[in-house]
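Undergrad: give me a 3D structure for the following:
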Amino acid sequence: MNTLNTIKMRTIYIFLLFSICMNTLIKAQHSCSLNMTNIIPSGNQGPDIDPPTLEDPDPVVERSVEGYRMLYWVHGLDGDTGSWQSASASVKNGIVSENFPPRKVYNQLPDYFSFQSSLLNAAVNLELGLEDDLQPNYNRRDGMIIAHSQGGLVSRRLDMYLSNPINANERDFGGIITFNTSHQGAQLLNNKLKFLDFIDALGTEMAAGPVKEIVTGNIGLILANAVFDLEGLATKISEHFVELYGPTLISNSTPKITDDYNVGAAPLEELNTYIPDETFLVPFFTVKDTITTVNDPSFTAIERNSSGNFVEVTTTIPGPVPVPISLATIHYFLTSVNDVLHFKGQDHEHILAARAHLTKLQYQSKVDIYNFAPNSSLSAMRNWYNFLNPLTLSFYALVHNFALGNRDSYQRGVHFLNNFDGMYRTIIGARVLGSSNESDYVCICTYTHNNGVQRIINLSQE
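TA: Predicted coordinates for the structure are as follows:
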C-alpha cells in the first residue's frame with residue numbers, strides 16, 4: 001500500500017472516528033485581517049483546570065451483610081442493559097483478579113434508555129425497573145446503585161424523588177456509587193456547538209495536504225484546478241457536510257435529558273442543593289496525567305494491499321509515543337466496555353493516539369520531502385542553460401511553487417494534530433481559554449514572488 005493511499009485512508013478514518021465520538025456523547029483558520037469569528041485558538045490557551053482539594057470526608061456508615069446484596073448497575077448516556085454486563089458478571093463470579101473473591105450479590109441492570117426527556121423522567125422510570133420481588137427479611141437499604149456518567153445524576157435524582165413524602169414507594173437501595181459523573185455539570189454540553197468548528201477544522205486541515213498533492217500531481221487536475229478551484233471545492237464540501245449534518249449529529253448525540261446537566265442548568269442546581277437524609281456523601285477522585293507515553297505501541301487494522309485485497313496489517317511505532325487525554329478518551333467512546341478484558345480497558349487506551357501519531361509522522365515526512373524539493377528546483381533554475389530557456393525556467397518555477405504549496409498544506413495537518421488535544425480540552429472545560437496572539441493561529445495569506453507568480457502560504461507557529 002503506497003504512502004499516499006495510507007495517508008488518505010487514515011485522514012478519512014480519523015474524520016469518521018471523531019464524528020462517531022461526537023455521536024456517542026457527547027476554523028482553525030482565519031484571514032490575515034485577524035477576523036477572530038468562528039475560529040478555535042490553538043497554542044496558548046491558558047492553564048489546565050486542577051481538581052479541587054477535598055477535606056477528609058465524614059465517616060462512612062458500615063453495614064454488616066450476612067446474606068446476598070442487591071447491586072443495581074445503572075448505565076450512562078445512550079447506554080443499555082448491556083453496558084454493565086461484563087463488569088457485573090465479573091464481580092459476582094470473582095474474576096476481577098486473583099485476590100478478588102466472588103461477591104454475594106444479585107445483579108440487576110435496569111434500563112431507562114427510552115426515557116431520556118429529563119433527569120426526573122429517567123429517574124422515575126429507573127425506579128420502576130428496580131427489583132421488587134426480593135427475598136423475605138431482606139433489608140432493602142442494603143442494596144447499592146453503581147452508576148456511570150449520566151446514570152449517576154439519574155440515580156441521585158431518583159434518591160431526591162423518593163425523599164418526597166408524596167412518593168411513598170419504599171426505596172430499594174441505601175447508597176449510590178458513581179463513576180465519571182459530571183455532578184457540577186458537563187461543560188462539553190455548553191460548548192457542543194463548538195464541535196462543529198472543531199470537526200470542520202479536522203476535515204479541512206487534515207485533507208489539505210492530500211488534496212493539494214493529488215491536484216498538483218496530474219496535469220489534467222492542474223488545469224481543472226485553475227478553472228474550477230478544486231482545492232477550494234474540497235474545503236466547501238467539508239464545510240457543507242458539517243453545516244448539513246453537524247446539527248443533526250449533535251442533536252442525536254445529546255437527547256433532551258442533557259439540557260438538565262449542562263453547567264448552570266436549573267435542574268442540576270436544584271439537585272445539588274438536595275441533602276439526602278441519613279446518607280453520607282463521600283467524594284473521591286483520581287487525577288490522570290493529561291499526557292502519558294507508551295513505548296513501541298502496535299495496533300492492527302484492515303488495509304488494502306498492492307493487489308487490491310483487504311488484509312490485516314499490524315503496525316508498530318518504535319520509541320515513546322505520546323497519549324494525550326483527548327485521544328485516550330475518544331478511544332473509550334469508540335470501544336464497547338464488553339469488548340475488552342475485565343477491568344483492562346486502560347491497557348488499550350493508546351491505540352487511537354498511536355494511529356494519530358503515525359499519521360503525524362507521515363504528514364511530517366511529506367513536509368520534509370517537499371521542503372527539499374524547492375531547493376532542488378531553485379538549483380536547476382540557477383543553471384545558466386535553464387536561465388536562458390524561458391520554457392524550462394517556467395517549468396521549474398511551477399515545480400518550485402507546487403512543492404512549496406504541498407509542503408505548506410501538509411504542515412497544516414501537522415499543526416492541527418499538534419494542537420488537537422489543547423483544543424479538545426478547551427471545549428470540554430478541562431482547560432481555561434486564555435488570550436492568544438497572532439502566532440497562535442493558522443493564517444492563510446497570499447505571497448507574490450518577484451517573477452509575479454502567486455502562491456498561498458501557511459504562516460503557522462508550532
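Undergrad: so residue 223 versus residue 215, what's the distance?
TA: Plainly put, residue 223 is 10 Å away from residue 215 if you go by Cβ to Cβ, to the nearest Å. (Glycine included, C-beta is placed from N, CA and C.)
Undergrad: equivalent analysis for residue 131, please.
TA: 63 Å.
Undergrad: what is the helix or strand residue 232 falls within packed up against?
TA: Assigned by DSSP states H and E, residue 232 belongs to helix 230-253. Packing partners of helix 230-253 (3 or more Cβ pairs under 8 Å, 6 or more residues apart in numbering; DSSP states H and E): helix 3-25, helix 194-216, helix 219-228.
Undergrad: and the angle for it with helix 194-216?
TA: 150 degrees (axes from the mean of the first three to the mean of the last three Cα atoms, to 10 degrees).
Undergrad: I'd like the average pLDDT over helix 230-253.
TA: Taken as a whole, helix 230-253 has an average pLDDT of 85.
Undergrad: that one versus helix 219-228: what angle between them?
TA: 80 degrees.
Undergrad: what comes up buried for whatever helix or strand comes next after helix 230-253?
TA: Scanning forward in sequence from helix 230-253 by DSSP H and E, the next helix or strand is helix 266-273. Under the neighbour-count criterion of 16 or more other Cβ atoms under 10 Å, helix 266-273 has 267, 268, 271 buried.
Undergrad: and which of those residues is nearest to residue 231?
TA: Distance to residue 231, by Cβ to Cβ, is smallest for residue 268 among the buried residues of helix 266-273, at 45.5 Å.
Undergrad: test my guess that that closest one contacts residue 258.
TA: No: applying Cβ atoms under 8 Å, one finds residue 268 not in contact with residue 258, separated by 10.6 Å.
Undergrad: distance of residue 125 from residue 306?
TA: To residue 306, residue 125 is 55 Å away according to Cβ to Cβ.
Undergrad: one more: residue 220?
TA: Distance from residue 220 to residue 306, by Cβ to Cβ: 25 Å.
Undergrad: what bits of the protein have low per-residue confidence?
TA: For the chain, applying pLDDT under 70 flags the ranges 1-67, 94-100, 168, 278-286, 337-338, 341-343, 345, 373-397, 432-462.
Undergrad: domain map for it?
TA: Listed by automatic domain parsing, the domain ranges of the chain are 3-47+193-253+290-459, 69-185+258-273.
Undergrad: what about the last one, start to end distance?
TA: Start and end residues of domain 69-185+258-273 are separated by 30 Å (Cα to Cα, to the nearest Å).
Undergrad: the lengthiest helix in the chain: which residues count as buried?
TA: Of all segments of type helix in the chain, defined using DSSP state H, the longest is helix 390-427. Neighbour-count burial for helix 390-427, with 16+ other Cβ under 10 Å as criterion, is recorded at 393, 396-397, 399-417, 419-427.
Undergrad: same question for stretch 221-238.
TA: For stretch 221-238, burial by neighbour count (16+ other Cβ under 10 Å) applies to 225, 230, 231, 234, 235, 238.
Undergrad: got the contact list for the first one?
TA: With contacts defined as Cβ atoms under 8 Å, 6 or more residues apart in numbering, the neighbours of residue 225 are 215, 231.
Undergrad: what does the fifth one give?
TA: Contact analysis of residue 235 by Cβ under 8 Å, 6+ apart lists residue 204.
Undergrad: quick check: it vs residue 370, distance?
TA: Remark: distance between residue 235 and residue 370 (Cβ to Cβ) = 20 Å.
Undergrad: repeat that for the third one.
TA: For residue 231, the distance to residue 370 (Cβ to Cβ) stands at 16 Å.
Undergrad: repeat that for residue 329.
TA: In this view, residue 329 and residue 370 are 33 Å apart by Cβ to Cβ.
Undergrad: and these two? which has more neighbours close in?
TA: Between residue 329 and residue 370, counted using other Cβ atoms under 10 Å, the more crowded position is residue 370 (22 against 19).
Undergrad: quick check: which element contains that one?
TA: Taking DSSP H and E as the definition, residue 370 sits inside helix 351-382.
Undergrad: kindly indicate which of the buried residues of helix 266-273 lies nearest residue 136.
TA: Nearest member of those to residue 136, counting by Cβ to Cβ, is residue 271, at 34.6 Å.
Undergrad: surely that closest one touches residue 157?
TA: Yes: the pair formed by residue 271 and residue 157 meets the contact definition of Cβ under 8 Å, at 5.9 Å.
Undergrad: what do those two both touch?
TA: In contact with both residue 271 and residue 157: residue 119, using Cβ under 8 Å, 6+ apart.
Undergrad: torsion angles phi and psi at the spatially closest residue to residue 110 that is not a sequence neighbour?
TA: Counting by Cβ to Cβ, 6 or more residues apart in numbering, the nearest residue to residue 110 once its immediate chain neighbours are dropped is residue 129, at 3.5 Å. Here is the backbone geometry of residue 129 (degrees, to the nearest 10): phi -90, psi 0.
Undergrad: residue 325: neighbour count?
TA: Using other Cβ under 10 Å: residue 325 sits among 20 other residues.
Undergrad: which residues touch it?
TA: Per Cβ under 8 Å, 6+ apart, neighbours of residue 325: 288, 289, 290, 291, 421, 425, 430.
Undergrad: among these, name the buried ones.
TA: Buried residues within these, counting neighbours by 16+ other Cβ under 10 Å: 290, 421, 425, 430.
Undergrad: ok, of those, which one's closest to residue 344?
TA: Of those, the one sitting nearest to residue 344 (Cβ to Cβ) turns out to be residue 290, at 22.1 Å.
Undergrad: okay but the closest one is in contact with residue 421, surely?
TA: Yes: at 7.5 Å, residue 290 counts as touching residue 421 under the criterion of Cβ under 8 Å.
Undergrad: residue 103 belongs to a helix, doesn't it?
TA: No: counting by DSSP: H, G, I helix; E, B strand; the rest coil, one finds residue 103 to be coil, located in no helix.
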